[in-house]
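Colleague: next one to model:
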Amino acid sequence: QETEETQRANLPRNMIENSMFEEEPDVVDLAKDSTFPALDPDEVAYEPRSSRLLVRGLGENDMDEDEEDCESSARLLGMSFMNRSSAHRSNSSPYTRQAPPRSCSRPSARTMVVCVLFLVIVASMTMVLYFLPGCTFTKTGCRKENKTTPIEPPFPWSQFRLPHSIRPLSYDLTLNPDLDNMNFTGSTVIKMVVLHNTKRIVLHSANLNISKATFKLDDGEASDVTVLEYKPRQQIALNFSEELKAGQYCVLTLDYSANLSHTYDGFYNSSYTDKDGNKRVLAATQFEPLSARKAFPCFDEPAFKATFLIKINRKPDYMTLSNMPKAKTTPLNNGLVQDEFEMTSVNMSTYLVAFIVGNFTPVSKNVSEILVSVYSVPEKKEHTDYALDAASKLLDFYNDFFEINFPLKKLDLIAIPDFLAGAMENWGLITFRETSLLVGKQSSPLEKQVVASVIAHELAHQWFGNLVTMSWWNDLWLNEGFATYMQYMSLQTVLPQLDIGNLFLAVRFRALDKDALNSSHAVSTAVNSPEQVEEMFDSVSYEKGASILLMLNASLSGDQQFRKGIIQYLKQFSGLNTDTNDLWNSLTQVSTQHQNVSEMMSSWTSQKGFPLVTVSRKGDQVTLTQEHFLLTSDNATHTSSLWNIPVTYVSDNCSLAPECRQLFTLKTKSGTFKVPESVKWLKLNYRNTGFYIVHYGDDGWAALRDALANDVSVLTHEDRASLIHNIFALSRLGRVSFRHVLNLLNYISNETETSPVTEALLQLNKIYQLLDKRQEYSLVARMKTYILHHFGSLMDKQTWEEQESVSKQELRSALLETACGLDDENCTQQAKALFKQYVDSNATSRIPGDLQQVVFNVAAQSAEDWPTLLNLYGHATYDAEKRKMLRGLASTQDARKIVWILKAGLKGNLIQTQELPLVISTVCKGFAGYLFAWDFIQENWDRLIEKFPVGSFAIQTIINSATSQFSTQAHLDQVQGFFSSLKERGSQMRSVQEALETIRLNKRWMEKNLRTLQKWL
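Modeller: This next block holds a predicted model:
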């Protein structure tokens, strides 16, 4: 973890390219400026001494590294060593130091005085000329030709966050994208109101070349103004000699040009090949979190909500879409047409603005007077029906559930061929990866589950995030935790056949695993740099956020209380920005029993991690004790953390029905309650709705083990899965021996439900892979035998035909992927036969959707089938299937093919670069590929962070995949050495701390358990 001080001083330095300097800047105390809230001492930030002039004919003057160095040294001498206009003096005669003139051998006193005077004058002129900022020196002393730039005034703002003295009211955007030359020009008119007297306006702009800027105050005339830019913070500013007064209105107009982005954010270009082999180009946007500023100058923070009027000029053979319906289309005299969209009927944050230029085909229907459309590239139109149907049902559900109707006239969902995230909730124009939106007529229910859950998530955002928005990224969980919770909750009602409960249970387990690390963070945590903003998009904001909402809902008395609180929150803060306490207060207001929700829930959002609850029994008395479940404990860490835990429990008297559930609130270090002495066993955390892990002690575990051995169905399947997850976690913590784990798993051969089996397989596969990567061959062989012995009968029962139940598909794919992964002959033969049939029929005979992955994995292990699979991948049009083929290709154990596929993913021609994180994570699972992948990441790091921002979810995935299976000191040293050498190019990322911690934990577990494994397997 970074210390507070390094966090404070750490500018977003990965963006410093072409900035003016990197020396230690001055500290400026902005607390003295009465127009701003006083800064805490912790917030006093570094003030850059200089900025860049961008407008009024003063070209952008970027320096190379040599110039920057010299410039920095000059500043350390206290000199203002900036480029000046060449008008100051001739550039043609380079300045050279003059030798002092020879004086006579016997000078008179008068001559001496004259000579000395002359020397003083020459020396003074020399110094003046030398230190005049008229030329730029390089390290070697040679001069460079100057460009026209005057002395540059200081940039008037020194913080990462914008000042709050100005509020934007509306943006009028005109964009001219040129898809032939991959650039665009734009004009942005921003109407603003002054909230506090100020002499400056500061907003965001990144990689935009501003050519003209005018400013108008109230009803005055518009006049040209100078714009200053400070690149490291992506900020621009206007300075005024006289104060703007609170209550005044003003208009800023900025004309600019830029290249379309070649990464996946901002206004970016993309291309795909259509069914006739023609290359098609398009331009799309992805602004969350910090990239609206790359498309137009704006106040790019969630709290600066405004309305938007968008106009896009295009060629007649393209179409455009934006957040609002199209108002009109006007032919222009240059052969282009202009599409103008209605002004947004709602105030919205900049990160939700979206526009797209390309060729897409819609299917549409009206739902409660809202036109819902699903867009795709023309040849994939037949894959859009399911999404339209699911979106329509979910829109109806949310309108009803929130008691607030979707506020826009239309809702578009569009599948973009080249898109990094799963989807993005832009208001009225939701963008998706093709795999997240398109499903074929023949798709398996499992593929439909993926699409429906992404749609449910993004639609929930139209209320949570869009209508009511977090004030700042530290509370991102208010958007993402809620949308994640609602996606599962809504689908259980709207599409129950998708059986979404197993998936929700599994993601809660994974969130616990991540949050058990010391490198985790609180749900609501300080965010002070672009990298830290990117890093908030992780399992804590999403899955832990959703988990604690589930726990809260389960613990509130009264069926509809949670829903009433949510409706109260949405209605009270509609169109506004909020923080976490606003939500708790709304829930407290509607509480029937005056429960203080804030008091209970702040312990879950303001500190990292979760509790371990230990149970002990004496007679009829049960004692519960809580402590921080922390895999890496250094004594300084949170030893006194306490949570307000709504502990639920069932017993052998009554264990399955919801009414069996008892509730006990544990607020202190320990607490007691009574149960009849006749109770044989207790199971805490009924159906795993709470975000905590339970240790039952030796007797408690033995009683549960015996109960399961007698009758598997004595507990719900969620409770059985929860016991399996918890005992593996306790083994990792070192509280139970691995022998206890294996003893509990003895019951598993009688298990038939999906979630306990998939959780056990996932945990055992993790250990199998760690042993494999450590080359513990005899143990690997024994582990394989153990898995096949315990799950073999269930594996053999699986069929290879179509299967309707989602739950059974999940079970079958997990079992067969494990069996074939362990080279079980029965499994591999069946998979090979299905692949042959598929190839022989020219891909017309269908492989059941849930079996495609295992079939493609097996095919990829064969030297003759891998090229066949690659050829199928190149021609596949159905994206879900194509992605499974790619995963299969990347699972090869052939070293040359592994190297080829990694390079192809980076290059982005045959395999889209958006799929590179998936390729890397798949390669890392195999024994042959994990070291190649680690080398590849080290060699190509700079190219990776060019494509995926530092801290982004893609980078988190890449780091986690490549390092999570290391368990030796040598690998720990390597990983530490590499990441610490990166400095501002990624060394400070939370995911790096997580990687190092995970390797240490793997090493610790191995050292502790290798002997037990040898004895017990």
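Colleague: in this protein, which helix or strand is least confident?
Modeller: strand 26-27 (a mean of 32; mean pLDDT, DSSP states H and E).
Colleague: tell me where the longest helix sits in the protein.
Modeller: helix 990-1016 (DSSP state H).
Colleague: list the buried ones in that one?
Modeller: Going by neighbour count (16 or more other CB atoms under 10 Å), the buried part of helix 990-1016 is 990-1003, 1005-1006, 1009, 1013. From N, CA and C alone the C-beta is placed, and that goes for glycine too.
Colleague: and stretch 482-489, how far out from the chain middle?
Modeller: Taking CA atoms, centre = their mean, to the nearest Å, one finds stretch 482-489 lying 17 Å from the centre of the chain it belongs to.
Colleague: just the C-alphas of that stretch, formatted as CSV.
Modeller: The C-alpha trace of stretch 482-489 is given here as CSV (Å, rounded to 0.1, in the frame of the first residue of the first chain):
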residue,chain,number,x,y,z
PHE,A,482,-26.3,-1.8,-6.7
ALA,A,483,-26.4,-2.7,-10.4
THR,A,484,-24.7,-6.1,-9.6
TYR,A,485,-27.2,-6.7,-6.8
MET,A,486,-30.2,-5.7,-9.0
GLN,A,487,-29.0,-7.9,-11.9
TYR,A,488,-29.3,-11.0,-9.8
MET,A,489,-32.4,-9.9,-8.0
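Colleague: packing partners of the longest helix of the chain?
Modeller: If you count contacts as 3 or more CB pairs under 8 Å, 6 or more residues apart in numbering; DSSP states H and E, helix 990-1016 packs onto helix 717-733, helix 738-745, helix 754-773, helix 777-797, helix 953-963, helix 969-981.
Colleague: need the ones you listed in JSON lines (columns: distance to F482 and mean neighbour count).
Modeller: Formatted as JSON lines, the helices and strands packed on helix 990-1016 follow (distance: least, CB to CB, whole Å; neighbours: other CB atoms under 10 Å):
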{"stretch": "helix 717-733", "distance to F482": "22", "mean neighbour count": "23"}
{"stretch": "helix 738-745", "distance to F482": "35", "mean neighbour count": "19"}
{"stretch": "helix 754-773", "distance to F482": "24", "mean neighbour count": "22"}
{"stretch": "helix 777-797", "distance to F482": "37", "mean neighbour count": "16"}
{"stretch": "helix 953-963", "distance to F482": "18", "mean neighbour count": "23"}
{"stretch": "helix 969-981", "distance to F482": "33", "mean neighbour count": "15"}
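Colleague: for the ones you listed, which one sits closest to Y256?
Modeller: helix 953-963 (28.4 Å; CB to CB).
Colleague: test my guess that V613 contacts H628.
Modeller: No - taking CB atoms under 8 Å as the definition, V613 is not a contact partner of H628, at 11.4 Å.
Colleague: looking at the two, which is more packed in?
Modeller: Per other CB atoms under 10 Å, whichever of V613 and H628 has more neighbours is V613, with 24 against 20.
Colleague: list the neighbouring strands of the host helix or strand of that one plus their orientation.
Modeller: Using DSSP states H and E, the secondary-structure element containing V613 is strand 611-618. Applying DSSP bridges, strand 611-618 is found paired with strand 621-628 (antiparallel), strand 693-695 (parallel).
Colleague: what's the average pLDDT for the next helix-or-strand element following the shortest one?
Modeller: Helices and strands here follow DSSP H and E; after strand 693-695, the next one along the chain is helix 697-710. Within the predicted structure, the mean pLDDT of helix 697-710 is 96.
Colleague: please name the bridge partners of Y268.
Modeller: S261, A284.
Colleague: and it, how many neighbours?
Modeller: 24.
Colleague: and what of E480?
Modeller: 24.
Colleague: which secondary structure element is home to it?
Modeller: Here E480 is assigned to helix 477-494, by DSSP H and E.
Colleague: tell me which strands and helices that helix is in contact with?
Modeller: Checked by 3+ CB pairs under 8 Å, 6+ apart, helix 477-494 has helix 385-402, helix 445-461, strand 469-470, helix 501-515, helix 545-555, helix 580-589 packed alongside it.
Colleague: so what does the last one touch, helix or strand wise?
Modeller: Helix 580-589 is packed against helix 477-494, helix 561-572, helix 597-605, with contacts defined by 3+ CB pairs under 8 Å, 6+ apart.
Colleague: could you say which of these is packed most deeply?
Modeller: Of the helices and strands packed on helix 580-589, the one with the most neighbours on average (mean count of other CB atoms under 10 Å) is helix 477-494, at a mean of 23.
Colleague: so what's the model's average confidence on that helix?
Modeller: 97.
Colleague: any stretches of the stretch 51-200 of the chain with poor pLDDT?
Modeller: Applying pLDDT under 70 to the stretch 51-200 of the chain flags residues 51-152.
Colleague: give me that answer again for 80
Modeller: Scanning the stretch 51-200 of the chain for pLDDT under 80 picks out the ranges 51-153.
Colleague: coming back round to it: tell me the mean pLDDT for the strand holding V613?
Modeller: 97.
Colleague: what angle sits between that strand and helix 697-710?
Modeller: 90 degrees (axes from the mean of the first three to the mean of the last three CA atoms, to 10 degrees).
Colleague: list the buried residues of strand 611-618.
Modeller: So, applying 16+ other CB under 10 Å, buried residues of strand 611-618: P611, L612, V613, T614, V615, S616, R617.
Colleague: contacts for it next, please.
Modeller: 622-629, 641-643, 645, 647, 666, 682, 684-685, 692-697, 699-700, 733, 735 (CB atoms under 8 Å, 6 or more residues apart in numbering).
Colleague: thinking in terms of the whole chain, how far from its middle is that strand?
Modeller: For strand 611-618, the distance to the chain centre is 36 Å (CA atoms, centre = their mean).
Colleague: just the angle between it and helix 717-733, please?
Modeller: Using the same axes, to 10 degrees: strand 611-618 against helix 717-733 is 100 degrees.
Colleague: quick one, strand 611-618 and helix 597-605 angle?
Modeller: Relative orientation of strand 611-618 versus helix 597-605 (the same axes, to 10 degrees): 110 degrees.
Colleague: nearest residue to A522 in space, please, no chain neighbours.
Modeller: K608 (4.9 Å; CB to CB, 6 or more residues apart in numbering).
Colleague: SS state for the residue nearest the centre of the chain?
Modeller: Closest residue to the average C-alpha location of the chain: F537 at 3.3 Å, with CA atoms, centre = their mean. Under the three-state scheme (DSSP: H, G, I helix; E, B strand; the rest coil), F537 adopts coil.
Colleague: does it really touch F953, like I thought?
Modeller: Yes - with contact defined as CB under 8 Å, F537 counts as touching F953 (5.1 Å).
Colleague: for C660, the count of nearby residues, please.
Modeller: 15.
Colleague: what's the spacing between it and V622?
Modeller: 16 Å (CB to CB, to the nearest Å).
Colleague: equivalent analysis for R563, please.
Modeller: For R563, the distance to V622 equals 33 Å [CB to CB].
Colleague: likewise G874?
Modeller: 62 Å.
Colleague: which of those two has more neighbours?
Modeller: V622 (21 against 12).
Colleague: partner residues bridging that one?
Modeller: Under the criterion used (DSSP bridges), V622 bridges to R617, F673.
Colleague: what's the helix or strand containing R200 packed up against?
Modeller: Assigned by DSSP H and E, R200 falls within strand 198-204. If you count contacts as 3+ CB pairs under 8 Å, 6+ apart, strand 198-204 packs onto strand 166-178, strand 235-244.
Colleague: give me that answer again for 10 Å
Modeller: On a contact count with 3 or more CB pairs under 10 Å, 6 or more residues apart in numbering; DSSP states H and E, strand 198-204 meets strand 166-178, strand 183-194, strand 228-230, strand 235-244, strand 249-259.
Colleague: wait, which of these is closest to T435?
Modeller: Closest approach to T435 among these is made by strand 166-178 (26.0 Å; CB to CB).
Colleague: give me the distance from the closest one to the chain's centre.
Modeller: 26 Å.
Colleague: please save the CA atoms from it in PDB.
Modeller: Taking C-alpha atoms only, strand 166-178 is exported to PDB below (Å, rounded to 0.1, in the frame of the first residue of the first chain):
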ATOM      1  CA  ILE A 166     -18.200  27.200 -11.600                       C
ATOM      2  CA  ARG A 167     -21.000  24.900 -12.500                       C
ATOM      3  CA  PRO A 168     -21.700  23.900 -16.100                       C
ATOM      4  CA  LEU A 169     -25.400  24.100 -17.100                       C
ATOM      5  CA  SER A 170     -25.400  22.900 -20.700                       C
ATOM      6  CA  TYR A 171     -23.100  21.700 -23.400                       C
ATOM      7  CA  ASP A 172     -23.700  22.200 -27.100                       C
ATOM      8  CA  LEU A 173     -21.400  19.800 -29.000                       C
ATOM      9  CA  THR A 174     -20.700  19.700 -32.800                       C
ATOM     10  CA  LEU A 175     -18.500  16.900 -34.000                       C
ATOM     11  CA  ASN A 176     -17.000  16.200 -37.400                       C
ATOM     12  CA  PRO A 177     -15.500  12.700 -37.400                       C
ATOM     13  CA  ASP A 178     -13.400  11.800 -40.500                       C
END
